[in-house]
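> Sequence and computational prediction follow.
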There are 2 protein chains.
Amino acid sequence: MKKKDAILQAATYLFSRKGYKDTAMGELSKMTGAAEGTIFYHFKNKQGIFLTILENLKDDILPEFERYRSTESAKTGMDMVEEAISFYLYIAQNKEDLFAILHQRYPYELAENNPECRDILEAIYNCFVDIFEQPILNGQGDGSINDDIPARKSALIVFSMVDSMVRFRMNNLYDVGALYKELIESCRRMLENRSR
Amino acid sequence: MKKKDAILQAATYLFSRKGYKDTAMGELSKMTGAAEGTIFYHFKNKQGIFLTILENLKDDILPEFERYRSTESAKTGMDMVEEAISFYLYIAQNKEDLFAILHQRYPYELAENNPECRDILEAIYNCFVDIFEQPILNGQGDGSINDDIPARKSALIVFSMVDSMVRFRMNNLYDVGALYKELIESCRRMLENRSR
DNA sequence: TAAAAAACTGACTGAGCACTCAGTCTAATA
DNA sequence: TATTAGACTGAGTGCTCAGTCAGTTTTTTA
């Protein structure tokens, strides 16, 4: 099971940097030292490699998010939202390859007629939104966050902001570091409970 | 100049639906009735077609945005931000093909070593952010919007939210219509001037 | 209307690609 | 040690694709 892992690792790297279509099996072979035949001995086809990577991605990222969620803190919900944003940005940088794969067209194209792929993507995105929803619910409980807007919807909006930042960073469009402080401040204003 | 236009139109359609790599010249030829040779008579290569489309996209979208910006209204800056969001979402749906092209990987990849492409993308994104910055500046003038956060940065954040919505819609991830009301509300809270 | 220029054609080329297969190597098992 | 099953090999296959070119048709110009 040595070569199989090497193939997966190299494929993750190549798919994230060059995209699915632009990654040739020959390249994968050269990079890993495995013959092209070996690749197809371990995987049904190119799509099979991608699906395996997506599964691994899910099994890698989701527990990380779960572990984070279980670290309860004594802070207000609002402070926890800030922490969650920070955590998301951190993990997106730390696991850049995996997030780059999620920000490509191919997985969504594949999801259209591959239920397995669709399920994985759904699970991942639910988890992403959950990480913001939980603190918002807490904040609505402790009074630090308004409850005029349903928590799930606010969570989606916060997620959309944070995910855009990740995309800006990846596409070299804007310097996200220079925007971090204002992003946090904007989210606070957005969520703040002003009735108390 | 009949066939040339037909080629550009079909290429815009195909690039936006199937992506750049997945669009074959043979398909383009079949769709337009032009021989493959004709395509390469009018354009240097496939990349040349894409660059022409990107230029046309810029020349199509930017004036539309300029025209919108020149329609002064007597409203507050804050109301104008809401209008701008609405306008952006409208035009992104109306010119779905063009926005789909902007949401692909290829243009950014190309921009890395093609200055012309980089300039076009920069012009487009500047215009996108401007459309939110101007109302915010107005709002800071008329007191409807806080000036704790620099207008450009707030504009970037609003843009990031709205652009995410467009992406959600395109990737079939979430129902954006169901989120519109809350998006506007969130932006209002975010920008609101509370010191007066 | 003759000549020149521009638009257009489609069979062809060569490169690149995902995937196959007949066979070899390796390591565990009996 | 002999057998066997799993891991691995890489030349080969057939296909797709971007791009070419020698020639034809259409349009413009003189």
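Arrived safely.
> ok, A:T12 - contacts?
The neighbours of A:T12, taking CB atoms under 8 Å, 6 or more residues apart in numbering or on different chains as the test, are A:I53, A:N56, A:L57, A:D97, A:L98, A:I101. (Glycine included, C-beta is placed from N, CA and C.)
> Report the buried members of those residues.
The neighbour-count test (16 or more other CB atoms under 10 Å in any protein chain shown) applied to those identifies A:I53, A:L57, A:D97, A:L98, A:I101 as buried.
> follow-up on the earlier one: adding pLDDT, write the contacts of A:T12 out as TSV.
Putting the contacts of A:T12 into TSV (pLDDT from 0 to 100) gives the following:
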residue	pLDDT
A:I53	98
A:N56	97
A:L57	97
A:D97	96
A:L98	97
A:I101	97
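> Which ones among the residues you listed lie within helices?
Counting by DSSP state H, those place A:I53, A:N56, A:L57, A:D97, A:L98, A:I101 in helices.
> Quick check: closest non-adjacent residue to the fourth one.
To tie it back to what came earlier, the one meant is A:D97. Across the structure, with CB to CB, 6 or more residues apart in numbering or on different chains as the measure, the residue nearest A:D97 apart from its sequence neighbours is A:S16 (4.0 Å).
> how many neighbours does the one you found have?
Per other CB atoms under 10 Å in any protein chain shown, the neighbour tally for A:S16 reads 22.
> Next one, pLDDT for A:Y88 please.
According to the model's per-residue confidence, A:Y88 sits at a pLDDT of 97.
> Tell me how many other residues crowd it.
If you count neighbours by other CB under 10 Å, A:Y88 ends up with 22.
> which other helices and strands contact the helix or strand hosting it?
If you go by DSSP states H and E, A:Y88 is part of helix A:77-94. Where contact means 3 or more CB pairs under 8 Å, 6 or more residues apart in numbering or on different chains; DSSP states H and E, helix A:77-94 is packed against helix A:46-70, helix A:115-142, helix A:151-170, helix A:180-191.
> contacts for it?
Residues lying outside helix A:77-94 but in contact with it, judged by CB under 8 Å, 6+ apart, are A:61, A:64-65, A:68, A:73, A:75, A:99, A:128, A:131-132, A:134-142, A:144-145, A:158, A:162, A:165-166, A:169, A:176, A:180, A:183-184, A:187-188, A:191-192.
> Show me which of the residues you listed are buried.
Applying the neighbour count, that is 16+ other CB under 10 Å, the buried entries in the contacts of helix A:77-94 are A:61, A:65, A:75, A:99, A:128, A:131-132, A:134-140, A:144-145, A:158, A:162, A:165-166, A:169, A:176, A:183, A:187-188, A:191-192.
> Would you mind measuring from the nearest residue to A:E36 once chain neighbours are set aside to A:Y41?
Counting by CB to CB, 6+ apart, the nearest residue to A:E36 once its immediate chain neighbours are dropped is A:S29, at 4.6 Å. If you measure A:S29 against A:Y41 using CB to CB, to the nearest Å, the figure is 12 Å.
> Many thanks, I have nothing further to ask.
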